[in-house]
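> Prediction below, plus the sequence it came from.
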Amino acid sequence: DTAVSQTPKYLVTQMGNDKSIKCEQNLGHDTMYWYKQDSKKFLKIMFSYNNKELIINETVPNRFSPKSPDKAHLNLHINSLELGDSAVYFCASSPGASHYEQYFGPGTRLTVT
Amino acid sequence: QQPVQSPQAVILREGEDAVINCSSSKALYSVHWYRQKHGEAPVFLMILLKGGEQKGHDKISASFNEKKQQSSLYLTASQLSYSGTYFCGTVTTDSWGKLQFGAGTQVVVTP
């Protein structure tokens, strides 16, 4: 049973399109995250939700909008995609924030052409 | 502000030791270590909280010097399976809940 799952695994789309990435965790964790990993492997936090409430919102263009319908799900919607959005997006979850281990999903490789 | 990791890369022969350092310019609440293999997700190794503790995971251990705001990861008697990119992540005392990762250290263990 996959602990943290993401769909799709690969996403190829054209500039200007809108796309969504879905994430689900079956670990019963309270906190979920979205990270972006660029081509240089730099891993940067984007958003964090704790019990469906947004607790971290980094300096991310407002074209990116997370949504947490319930504790087990955190989706990421991206409007008007740009070339610079190409990256691997990881979802993660943890029992709580700050001093708990995070479990990462397999990642979604987004390529914008 | 993200932590600074060094070295950027290290090549080891099986059985050799290595140290990866992680330092922050801000006071730290916790330090996290993850390993990521090529094409895979980062995997949690260990977390160190304020208090200067040391932890171990198989032959991989880490220390946390709270006063110097530094942590070190020790790879002892390295195995081929240790290859990957090691990331330290830090939570600073003024930014609770936000884990910021360093740029990573690529480790290659050769036979």
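The structure has been received and is ready for your questions.
> measure stretch A:53-65 end to end?
This stretch, stretch A:53-65, spans 13 Å end to end (C-alpha to C-alpha, to the nearest Å).
> quick one: buried residues of that stretch?
A:56, A:60, A:64 (16 or more other C-beta atoms under 10 Å in any protein chain shown). (Glycine included, C-beta is placed from N, CA and C.)
> which one among those gets closest to chain B?
The shortest approach to chain B among those belongs to A:I56, at 5.4 Å (C-beta to the nearest C-beta).
> Setting aside sequence-adjacent positions, which residue approaches that closest one most closely?
Leaving out its chain neighbours, the residue that sits closest to A:I56 by C-beta to C-beta, 6 or more residues apart in numbering or on different chains is A:S48, at 3.6 Å.
> Check whether the one you found really touches A:I55, as I assumed.
Yes. Counting by C-beta atoms under 8 Å, A:S48 sits close enough to A:I55 to count as a contact (5.2 Å).
> Name the residues contacting each of these two.
Any residue near both A:S48 and A:I55 by C-beta atoms under 8 Å, 6 or more residues apart in numbering or on different chains counts here, and that gives A:31, A:97, B:97.
> and residue 14, how many neighbours?
I went with chain A, as the question did not name one. Counted by other C-beta atoms under 10 Å in any protein chain shown, the residues lying close to A:Q14 total 8.
> To clarify, I was referring to chain B.
12.
> okay but it is in contact with B:S78, surely?
Yes. Contact criterion C-beta under 8 Å: B:E14 and B:S78 qualify, at 6.2 Å.
> Tell me the residues that contact both of these two, please.
Joint contacts of B:E14 and B:S78 (C-beta under 8 Å, 6+ apart) are B:V109.
> re earlier: would you mind putting the shared contacts of A:S48 and A:I55 into CSV with pLDDT and secondary structure alongside?
Below are the shared contacts of A:S48 and A:I55 laid out as CSV (pLDDT from 0 to 100; DSSP: H, G, I helix; E, B strand; the rest coil):
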residue, pLDDT, secondary structure
A:T31, 94, strand
A:A97, 76, coil
B:G97, 79, coil
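> Output these in CSV, with neighbour count and distance to A:S86 appended to each entry.
CSV is the format used below for the shared contacts of A:S48 and A:I55 (neighbours: other C-beta atoms under 10 Å in any protein chain shown; distance: C-beta to C-beta, whole Å):
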residue, neighbour count, distance to A:S86
A:T31, 24, 27
A:A97, 20, 29
B:G97, 17, 28
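> Run through the residues that contact A:Q37.
A:Q37 neighbours (C-beta under 8 Å, 6+ apart): A:43-44, A:87-90, A:107.
> Extract the residue ranges of the chain that are flagged as low pLDDT.
With no chain named, the answer covers chain A. Applying pLDDT under 70 to chain A flags the ranges A:1, A:98.
> that's the wrong chain, I meant chain B
For chain B, the ranges with pLDDT under 70 are B:51-57.
> need the residues of it near chain A, please.
B:29-30, B:32, B:36, B:40-44, B:47, B:49, B:85, B:87, B:91, B:96-101, B:103-104 (C-beta under 8 Å from any C-beta of the partner chain).
> one more time with 10 Å
Near chain A, the residues belonging to chain B are B:2, B:29-30, B:32, B:34, B:36, B:38-50, B:85, B:87, B:89, B:91, B:95-104, B:106 when assessed by C-beta under 10 Å from any C-beta of the partner chain.
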